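Participant: missing the sequence, but the structure's below:
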């Protein structure tokens, strides 16, 4: 497939980044694939844009088709930037995770409201090289989008937890028992490998962002129920089917015609600390898509 030039890209205000097991979205009509290049490199795969529930939607498999990219190898900068090029304002993230609490059971869904970072090797910002940006990240997820997803889960009868802390580890190995117990003692709710830097970059891109956590296991803290690959795969399959139903309902309820009322839409308004005349032209060109409305 030939590369589509930027000025010919469609506009899709809703984006989906699929995690483990979610490599496509059923029911998308009039779909086309776009091989988008960004100043930060290539996204995980071609982005599929089509119509779902009467709205333009962009879909990207986070690990690439065939699950060939490890969590620490994901180019989240390119993934989020490509979504921004398409005009995405609402970004839904699907992420498999392990439970750190008895009441959060395998096959449950969770909509975390906080993240704790235990990663080491990832690029967490679009900025640098002569431009300094400090975005607010106290509330890493969009409350309005999370509440909409929660209401849709309840309507579909999906057992869902509203709030909780997602501790993001580097991977690709699962936790040790010692790590799992410490994470529990710190009060974290679930553990996964992909929430960051995706959430930070989505905030810098001024997107409404929410993670839909698909709980597959009890990590390794629960004696006699240590995580096994077979268990993860079986529970993931069940979760994926529910997530596809959920996405259709959520997309039908997102009003892309109304102005957003949350703080996500203006995250960069007071965040750029560098004087414009001090920013190197090369750097400004690289991040122009993100900052142009303020300059």
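Facilitator: All right, it came through fine. Predicted, not measured: the structure shown is a model, and the values here were computed from it.
Participant: next structured bit after the longest helix belonging to the chain?
Facilitator: Counting residues, the longest helix in the chain under DSSP state H turns out to be helix 229-253. Next in sequence after helix 229-253, counting helices and strands by DSSP states H and E, comes helix 281-291.
Participant: which residues touch that following helix?
Facilitator: The contact list for helix 281-291 (C-beta atoms under 8 Å, 6 or more residues apart in numbering) reads 39-40, 81, 84-85, 126-127, 129-131, 204-206, 268, 272, 276, 295. Heads up, the C-betas are built off the backbone N, CA and C, glycines and all.
Participant: list the buried ones in it?
Facilitator: 283-284, 286-287, 289-291 (16 or more other C-beta atoms under 10 Å).
Participant: Tell me who's in contact with residue 294.
Facilitator: Residues near residue 294 by C-beta under 8 Å, 6+ apart: 268-269, 272.
Participant: Bridged to residue 272, which residues?
Facilitator: residue 133 (DSSP bridges).
Participant: wait, what's in contact with it?
Facilitator: Contacts of residue 272 (C-beta under 8 Å, 6+ apart): 131-133, 291, 294.
Participant: Tell me which two of those sit farthest apart.
Facilitator: Spanning the widest gap among these are 132 and 294, at 14.0 Å by C-beta to C-beta.
Participant: what ranges do the helices span in the stretch 101-250 of the chain?
Facilitator: Using DSSP state H, counting those that start in this stretch, the helices of the stretch 101-250 of the chain run over 143-156, 177-185, 198-204, 229-253.
Participant: hmm, back to that, between the contacts of residue 272, which is closest to residue 14?
Facilitator: Distances from residue 14 to those, taken by C-beta to C-beta, are shortest for residue 291, at 23.1 Å.
Participant: Give me the pLDDT value at that closest one.
Facilitator: Looking at residue 291, its pLDDT is 97.
Participant: re the thing from before, need the contacts of residue 272 in TSV (columns: distance to residue 99).
Facilitator: Listed next are the contacts of residue 272 as TSV, based on distance: C-beta to C-beta, whole Å:
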residue	distance to residue 99
131	40
132	38
133	35
291	39
294	41
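Participant: so which of those comes closest to residue 213?
Facilitator: When those are compared against residue 213 (criterion: C-beta to C-beta), the nearest one is residue 133, at 27.7 Å.
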